[in-house]
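Trainee: test case, fold it:
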Amino acid sequence: FNLPVAGKVKDIPEVVKENDIEHIVIAIPSLRNGELNKIIDACNRTNAKVQMIPKIEDLMTGRVSVSHLKNVEVEDLLGRDPVKLDIAAISEYVTGNTVMVTGAGGSIGSEICRQVMRFNPSKIVLVGHG
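Mentor: Presented below is the predicted three-dimensional model:
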């Protein structure tokens, strides 16, 4: 087709701005999670709507077609189904107790801290390598 390449993944926010792009379609859902996360992160730094084509196995089995765009979900980033938590057991174990969270300075660790606070621990100890 001889189409020009507008840039690399790191250039997505700039390319979106320069070209007034309103809708991004990620057409490579089978990428390894780390690479897909980089693309999704770059897309999310824009104001454009971000969607993905379905996974190749869903296309091959005929469950969906390429025209069935889907919104980017947490499962796409994880590469697996989300874990179902036993909230009652967590509450019983955490409420009133001291909880230590390692990696608390990172994005996942800080989110765990926010969620643990809902269970009213007596103390939360944050540990990070920074």
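Trainee: how near is Leu31 to Arg45?
Mentor: 18 Å (C-beta to C-beta, to the nearest Å). (Glycine included, C-beta is placed from N, CA and C.)
Trainee: and the two? which has more neighbours close in?
Mentor: In terms of neighbours (other C-beta atoms under 10 Å), Leu31 is the more surrounded of Leu31 and Arg45; the figures are 15 against 12.
Trainee: quick check: closest non-adjacent residue to that one.
Mentor: Distances taken as C-beta to C-beta, 6 or more residues apart in numbering put Ile39 closest to Leu31, at 7.3 Å, once the chain neighbours are dropped.
Trainee: how close does Thr14 sit to Lys38?
Mentor: Let me fix one detail, which is that residue 14 is Glu and not Thr. Going from Glu14 to Lys38 by C-beta to C-beta gives 15 Å.
Trainee: for Ile108, grab phi and psi.
Mentor: The phi/psi pair for Ile108 (degrees, to the nearest 10) reads phi -70, psi -50.
Trainee: report how many residues lie close to Cys113.
Mentor: Applying other C-beta under 10 Å, I find that Cys113 has 18 neighbouring residues.
Trainee: which residues of the protein score low on pLDDT?
Mentor: Residues of the chain meeting the criterion pLDDT under 70: 29-30, 33, 54-82, 130.
Trainee: quick one, domains of it?
Mentor: 9-78, 87-127 (automatic domain parsing).
Trainee: which stretch among those domains approaches Phe1 most closely?
Mentor: Between Phe1 and the domains of the chain, the tightest spacing by C-beta to C-beta is seen for domain 9-78, at 14.0 Å.
Trainee: which residues are in contact with the helix or strand where Ala89 lies?
Mentor: Per DSSP states H and E, Ala89 falls inside helix 87-94. Residues outside helix 87-94 that contact it (C-beta atoms under 8 Å, 6 or more residues apart in numbering): Val116, Phe119, Asn120, Pro121.
Trainee: would CSV of these with secondary structure and distance to Ile90 be doable?
Mentor: CSV is the format used below for the contacts of helix 87-94 (DSSP: H, G, I helix; E, B strand; the rest coil; distance: C-beta to C-beta, whole Å):
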residue, secondary structure, distance to Ile90
Val116, helix, 9
Phe119, coil, 6
Asn120, coil, 12
Pro121, coil, 11
